[in-house]
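Chemist: any chance you can model this:
(one chain, ligands or ions: 1)
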Amino acid sequence: MTSLCLQPDWTWTDAGWREQFEVVVSDGRIRSVGPISQAGERLRGRALLPGLINAHSHAFQRTIRGRTEQRDPARPHDDFWTWREQMYRAAMRLQPDELEKVARLLYLEMVEAGITTVGEFHYLHHQPDGRPYSDPDELALRLQAAAEWAGLNLVLLRCAYHRSGFQIEQNPLQIRFLDRHWEDSLAAVERLRSRGLAVGVAPHSIRAVPAEWLAPLAEYARKHGLPLHMHVSEQTAEIEQSLAEYGCRPVQLLQRHGLLGEDFTAVHAIHLLQEEVDALQGCNVCSCPTTERNLGDGVVQADALRAAGCHFTLGTDSQCQIDLWEDARQLDYHLRLVRRQRAVLDSPAGGLSDWLLQTATQGGARSLLRPDLGSVRPGATADLVAVNLDHPVLAGDDPRHLVWAATPACVDQVWSAGVPRLCGGRHPRREEAVAGYRNVMEQLARA
Ligand SMILES: [Zn+2]
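Modeler: Model prediction:
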């Protein structure tokens, strides 16, 4: 039985910030949280928090970081849709070994940034010619292996993807993503569950999944208590397509087919009318602010959605940055630019700093249906992060407001189910991950 007694200067508990507390861990779980009472591991100059939860990731997109930020002279208009073509080209090139090496580096970067759980929204299923691998779950298993290698807890949100869109000719660059029938998508979910993976159900979007697929996918998720995630209203073109095909807006379509509920997570949920905001009451909204600004998606109306009773979570999505601290504060910063006010999401009761931290932790646990994660309280899984309050970024600041300045560089130690994954801000497998990734990128450059 491994046990730990961590004694940081500050601890962010379920009940708020506490000074000179200890967190006792055994067998992967937090056993007690209270004032220091025994000999333990003193974490001087450190704040202890629950591990951050990244609820939305597409691992393979790490390979285009920094490579899609220029306008092509032959393509003077650059937007989400032109970026998407470049992203598809990257998806077409990766073999299983390469994907695993890419995911190793990405997931290691997540651990170094204080993330202990990722929801991997996985739609790269097949060989480059569209045929299934001899093991049809090959690529999902590679992602799981990479997460285990890096010490990251993974929830595989197995995507259903069927088409390019309403009355849109099939794009050959999407051939690796496609399922012929919703029954094939659910058969894959069944297989992955039987193989012991933590799994969720993810209709990709109303562009990629016809409406008749939605109810069976949602029913399966509910029957088996699995999280249900979907891209919703990231771009205005999706709304135009929905109106053309179904005569209603995306959220109305989801409501009609029974998707909305406390186990449903709408990823992005940017372009909404007030009635759509209201319809999302009780649902989770996963905002991915660093990606949303990178892609020019727009701004999530977090104030209106929160007032309507939505719960928030965060994702790194396109992997242009792995920094959930930044994502958390951008939820408010983006609104400041739009509303020309400050602290938009603060409430008269105060506590915006805590709310943003909750969004980055408990919000993800809620969205992934993992109530054992995301908080420092007895009984919770011991996924923990020690932040270095002596780092120049945070030195002398009030630790209770560290979310406004913290960066991955401030993350000093990480434990996953009580197992140390990071010490002194460095993952022990960093060199190996970097070398493997460089190798993949060099091979791709030569191909
Ligand atoms: Zn996404």
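
Chemist: tell me where the stretch 101-250 of the chain has strands.
Modeler: Counting by DSSP state E, counting those that start in this stretch, the stretch 101-250 of the chain has strands at residues 115-122, 153-160, 198-203, 228-232.

Chemist: can you put the ones you listed in CSV and add mean pLDDT?
Modeler: As requested, these are exported to CSV (pLDDT from 0 to 100):
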stretch, mean pLDDT
strand 115-122, 98
strand 153-160, 98
strand 198-203, 98
strand 228-232, 98
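
Chemist: could you redo the ones you listed as JSON lines and give each row mean neighbour count and distance to residue 370?
Modeler: Using the backbone N, CA and C atoms, a C-beta is placed for each residue, glycine as well. Listed next are these as JSON lines, based on neighbours: other C-beta atoms under 10 Å; distance: least, C-beta to C-beta, whole Å:
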{"stretch": "strand 115-122", "mean neighbour count": "28", "distance to residue 370": "7"}
{"stretch": "strand 153-160", "mean neighbour count": "26", "distance to residue 370": "7"}
{"stretch": "strand 198-203", "mean neighbour count": "26", "distance to residue 370": "8"}
{"stretch": "strand 228-232", "mean neighbour count": "28", "distance to residue 370": "13"}
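
Chemist: so which of those gets nearest residue 382?
Modeler: strand 115-122 (9.7 Å; C-beta to C-beta).

Chemist: report the angle between the closest one and strand 228-232.
Modeler: Orientation check (axes from the mean of the first three to the mean of the last three C-alpha atoms, to 10 degrees): strand 115-122 against strand 228-232 gives 70 degrees.

Chemist: which strands and helices lie in contact with strand 115-122?
Modeler: Helices and strands touching strand 115-122, as assessed by 3 or more C-beta pairs under 8 Å, 6 or more residues apart in numbering; DSSP states H and E, comprise strand 52-57, helix 138-150, strand 153-160, strand 198-203, helix 362-367.

Chemist: mind doing that once more with 7 Å?
Modeler: The contact analysis (3 or more C-beta pairs under 7 Å, 6 or more residues apart in numbering; DSSP states H and E) places strand 115-122 against strand 52-57, helix 138-150, strand 153-160.

Chemist: isn't residue 5 up against residue 37?
Modeler: No. The pair residue 5 and residue 37 does not pass the contact test of C-beta atoms under 7 Å, sitting 9.2 Å apart.

Chemist: neighbour-wise, which of those two wins?
Modeler: residue 5 (18 against 12; other C-beta atoms under 10 Å).

Chemist: now do the buried residues in stretch 166-184.
Modeler: Across stretch 166-184, burial judged by 16 or more other C-beta atoms under 10 Å covers 173-179, 182.

Chemist: can you check stretch 241-258 too?
Modeler: Those would be 241-242, 245-246, 249-255, 257, for stretch 241-258 by 16+ other C-beta under 10 Å.

Chemist: and what of stretch 219-230?
Modeler: 220-222, 226-230.

Chemist: would you mind putting the buried residues of stretch 241-258 into TSV with pLDDT and distance to residue 343 alongside?
Modeler: Formatted as TSV, the buried residues of stretch 241-258 follow (pLDDT from 0 to 100; distance: C-beta to C-beta, whole Å):
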residue	pLDDT	distance to residue 343
241	95	37
242	96	34
245	96	40
246	97	39
249	97	31
250	97	30
251	98	28
252	97	33
253	98	35
254	98	32
255	97	32
257	97	38
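
Chemist: now for those: which two are most distant?
Modeler: 241 and 255, at 17.4 Å, using C-beta to C-beta across these.

Chemist: which residues of the stretch 101-250 of the chain score low on pLDDT?
Modeler: Scanning the stretch 101-250 of the chain for pLDDT under 70 picks out nothing.

Chemist: on that earlier part again, ok, so of the buried residues of stretch 219-230, who is nearest residue 210?
Modeler: Distances from residue 210 to the buried residues of stretch 219-230, taken by C-beta to C-beta, are shortest for residue 230, at 13.3 Å.

Chemist: beta partners of the closest one?
Modeler: Note on residue 230: beta-bridge partners by DSSP bridges are residue 266.

Chemist: wait, it sits on residue 202?
Modeler: Yes. The criterion here is C-beta under 7 Å, and residue 230 meets it with residue 202 at 6.4 Å.

Chemist: and residue 282, how far is that from residue 263?
Modeler: For residue 282, the distance to residue 263 equals 10 Å [C-beta to C-beta, to the nearest Å].

Chemist: show me which of those two is the more surrounded one.
Modeler: For the pair residue 282 and residue 263, the greater number of neighbours falls to residue 263 (23 against 14), based on other C-beta under 10 Å.

Chemist: residue contacts, residue 310?
Modeler: Counting by C-beta atoms under 7 Å, 6 or more residues apart in numbering, residue 310 touches 280-281, 283, 285.

Chemist: and it, how far is that from residue 168?
Modeler: Taking C-beta to C-beta as the measure, residue 310 falls 30 Å from residue 168.

Chemist: one step back: show me which of the buried residues of stretch 219-230 is closest to residue 289.
Modeler: residue 229 (17.4 Å).

Chemist: give me the phi and psi for residue 13.
Modeler: phi -90, psi 180 (degrees, to the nearest 10).

Chemist: hmm, it is touching residue 376, no?
Modeler: Yes. Using C-beta under 7 Å, residue 13 is in contact with residue 376, at 4.9 Å.

Chemist: check the contact lists of those two and give me the overlap.
Modeler: Each of residue 33 lies in contact with both residue 13 and residue 376 under the rule C-beta under 7 Å, 6+ apart.

Chemist: which of these two has more neighbours?
Modeler: Comparing residue 13 with residue 376 by other C-beta under 10 Å, the one with more neighbours is residue 376, at 24 against 20.

Chemist: that one: what secondary structure?
Modeler: coil (DSSP: H, G, I helix; E, B strand; the rest coil).

Chemist: ok, now which ones touch it?
Modeler: Residue 376 touches 11-14, 23, 30, 33, 48, 50, counting by C-beta under 7 Å, 6+ apart.

Chemist: buried subset of the residues you listed?
Modeler: 11-13, 23, 30, 33, 48, 50.

Chemist: re earlier: any chance of the buried residues of stretch 219-230 in CSV, with distance to residue 192 too?
Modeler: Listed next are these as CSV, based on distance: C-beta to C-beta, whole Å:
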residue, distance to residue 192
220, 13
221, 13
222, 18
226, 10
227, 13
228, 15
229, 15
230, 18
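
Chemist: quick one: which of the residues you listed is nearest residue 196?
Modeler: Distances from residue 196 to the buried residues of stretch 219-230, taken as C-beta to C-beta, are shortest for residue 226 (14.2 Å).

Chemist: touching, that closest one and residue 201? I think so.
Modeler: Yes. Residue 226 is within contact range of residue 201, at 5.4 Å (criterion: C-beta under 7 Å).

Chemist: tally of neighbours for residue 133?
Modeler: Residue 133, neighbours per other C-beta under 10 Å, totals 14.

Chemist: for it, give its distance to residue 87.
Modeler: Taken as C-beta to C-beta, the span from residue 133 to residue 87 is 21 Å.

Chemist: out of the helices and strands packed on strand 115-122, which gets nearest to residue 234?
Modeler: Across the helices and strands packed on strand 115-122, closest to residue 234 is strand 52-57 (C-beta to C-beta), at 11.2 Å.

Chemist: many thanks, have a good one.
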